[in-house]
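Colleague: sequence first, then the predicted structure, then my questions.
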Amino acid sequence: MRDKAPDKKQQILVSAMKLFATQGYLQTTMQEIAQYCSMSKGSIYLHFSSKEELLMDIYKYYYRLSDERMQWIERDTRLAPQERLLKKIEVHLMMWLDYPEFVTLQIRENPGFTNEKIKQFLREVHTKTIKELRESLIEVYGESFARYALDASVLMGGIISTLMGLKMLANIELKVDQISRYILNSVDYVARGMLKDLPEPLISESNWPQIFEALYKDGACAPPPLLLIQNLRNDLANAQIDPEERQDALDSLSILEQELLASRPRRVVLRGMLANLQHLEAVREPIKPLVQWINQVHGL
């Protein structure tokens with residue numbers, strides 16, 4: 001992970017992740033993390049109450065960065081569906097290449113040793129990833145492909161993991177554009193073959209009910225928070241309100257966006273920015289999904 005940490009929390013996350021990847025999670029002590037950061041052990045505990053909380057925040061930090069990149073792709077309305085899918089594959093690959101210590105940590109330390117909160121978080125992340133891949137595939141191949149989209153998502157994820165695993169373990173030189181295009185072409189061959197021959201899907205609601213329950217439970221289809229913020233910006237741009245009021249609201253949205261991208265968003269800041277926005281008639285209704293999402297995720 002890059003050493004451009006803008007604050008102490010991120011510096012600790014970066015340092016801890018490197019030590020966990022090289023020494024092992026169980027073998028690394030908080031004292032060693034403090035020494036690596038040139039901090040006192042007490043300073044580490046000011047930001048993280050335990051080593052498990054620190055590990056959880058490493059996972060959250062990595063997947064928040066990945067989600068941010070994905071949302072920029074979603075916002076780009078100029079992209080055709082297949083181009084959008086290609087760029088999403090590239091994001092998965094680039095995250096692996098940009099943060100090799102995180103990948104090493106996952107290979108070295110099976111998440112099964114962690115507590116239930118971390119395991120639940122990883123289950124939710126993986127469910128979300130599969131869901132988004134499924135939606136992208138349906139966008140490319142149409143609703144008739146919906147019954148095969150989970151099979152294709154698993155296939156795509158397997159190819160990505162295998163190729164990048166080979167690169168990590170054997171240091172094989174692979175170019176992101178070459179791999180991503182290869183993956184997209186491979187899935188394209190499979191998808192068109194499925195639509196032509198109409199085989200029975202491997203993963204279906206009858207034999208994998210728990211996957212479908214996770215994918216379609218209440219709230220599973222809610223738009224991501226950064227996309228909701230962008231929609232609110234659009235609402236403000238078209239609203240008939242005082243220019244100073246509009247600018248204050250836009251500033252509040254920017255602070256809210258920055259906070260949501262932080263390794264550990266501060267609830268007091270989230271509350272304050274939401275309060276600034278909720279008094280404004282122009283966004284009182286549109287902001288409700290964002291308030292609901294933040295309440296669910298951050299327990300406001």
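Modeller: Thanks, I have it. Being a predicted model, the structure only gives us computed values, none of them experimental.
Colleague: how far away is the residue nearest to residue 282 when sequence neighbours are not counted from residue 233?
Modeller: Ranked by CB to CB, 6 or more residues apart in numbering and with sequence neighbours excluded, the top spatial neighbour of residue 282 is residue 239, at 3.7 Å. Every C-beta, even on glycine, is put in place using the N, C-alpha and C of the backbone. Between residue 239 and residue 233 the distance is 11 Å, computed by CB to CB, to the nearest Å.
Colleague: what residues sit buried inside the helix or strand residue 135 falls within?
Modeller: Following DSSP states H and E, the helix or strand that holds residue 135 is helix 116-141. Within helix 116-141, the residues scored as buried using 16 or more other CB atoms under 10 Å are 118, 121-122, 125, 127-141.
Colleague: can you list the residue ranges for helices in the chain?
Modeller: Listed in chain order, the helices of the chain (DSSP state H) span 8-23, 30-37, 41-47, 51-75, 81-98, 100-108, 116-141, 149-170, 176-197, 209-216, 225-238, 243-260, 267-278, 288-298.
Colleague: looking at those, which one is packed in the most?
Modeller: The highest mean neighbour count among those belongs to helix 8-23 (a mean of 21), with neighbours defined as mean count of other CB atoms under 10 Å.
Colleague: what packs against that one?
Modeller: Using 3 or more CB pairs under 8 Å, 6 or more residues apart in numbering; DSSP states H and E as the contact criterion, the elements in contact with helix 8-23 are helix 30-37, helix 41-47, helix 51-75, helix 100-108.
Colleague: contacts for the second one, please.
Modeller: By CB atoms under 8 Å, 6 or more residues apart in numbering, the surrounding residues in contact with helix 41-47 are 8, 9, 12, 30, 31, 33, 34, 37, 54.
Colleague: now for those residues, which pair is the farthest apart?
Modeller: Comparing every pair within these by CB to CB identifies 9 and 31 as the most remote, at 18.2 Å.
Colleague: how far away is the closest residue in space to residue 93 that isn't next to it in sequence from residue 91?
Modeller: Closest residue to residue 93 apart from its sequence neighbours, by CB to CB, 6+ apart: residue 176 at 4.9 Å. Taking CB to CB as the measure, residue 176 and residue 91 are separated by 10 Å.
Colleague: over to residue 29?
Modeller: Between residue 29 and residue 91 the distance, using CB to CB, works out to 34 Å.
Colleague: cool, residue 85 as well?
Modeller: Residue 85 is 11 Å from residue 91, where distance means CB to CB.
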